[in-house]
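S.K.: need the 3D shape of this:
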Amino acid sequence: MIDPKLIAPDLTEYRWALYACGHLLDLTSQPHPPVGLYRDEQSANLYGLHMWPSTFTVVDLHKDDRS
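M.R.: Sure, this is the predicted structure:
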């Protein structure tokens, strides 16, 4: 990273992935990466509702890690 004041993120801390889901409106047929990674589900859902009210999904990346 260029700026020494910015710490590189620890990706293991980000459990929730937000997907815009353009395929729901027939905007694309190609798979796309998540538009954001979040530490908590509420933040991911709030941002998804703000940006794509009816065409987003939030996925738990650690779903299989639960015991």
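S.K.: any weak-confidence spans in the protein?
M.R.: Low-confidence segments of the chain (pLDDT under 70): 1, 24, 65-67.
S.K.: just the helices in it please.
M.R.: 41-51 (DSSP state H).
S.K.: just the strands in it please.
M.R.: 16-19, 36-38, 57-60 (DSSP state E).
S.K.: what's the most buried one of these?
M.R.: strand 16-19 (a mean of 20; mean count of other C-beta atoms under 10 Å). In short, each C-beta sits where N, CA and C put it, glycine included.
S.K.: direction included, what does it pair against?
M.R.: strand 36-38 (antiparallel), strand 57-60 (antiparallel) (DSSP bridges).
S.K.: ok, which of these comes nearest Leu11?
M.R.: Leu11 lies closest to strand 36-38 among these, at 7.2 Å (C-beta to C-beta).
S.K.: what's in contact with that closest one?
M.R.: Outside strand 36-38, the residues that touch it by C-beta atoms under 8 Å, 6 or more residues apart in numbering are 11, 14-18, 44, 47, 58, 61.
S.K.: so can I have JSON lines of the residues you listed showing distance to Gly36?
M.R.: Formatted as JSON lines, the contacts of strand 36-38 follow (distance: C-beta to C-beta, whole Å):
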{"residue": "Leu11", "distance to Gly36": "13"}
{"residue": "Tyr14", "distance to Gly36": "9"}
{"residue": "Arg15", "distance to Gly36": "12"}
{"residue": "Trp16", "distance to Gly36": "9"}
{"residue": "Ala17", "distance to Gly36": "7"}
{"residue": "Leu18", "distance to Gly36": "4"}
{"residue": "Ala44", "distance to Gly36": "7"}
{"residue": "Tyr47", "distance to Gly36": "7"}
{"residue": "Val58", "distance to Gly36": "10"}
{"residue": "Leu61", "distance to Gly36": "12"}
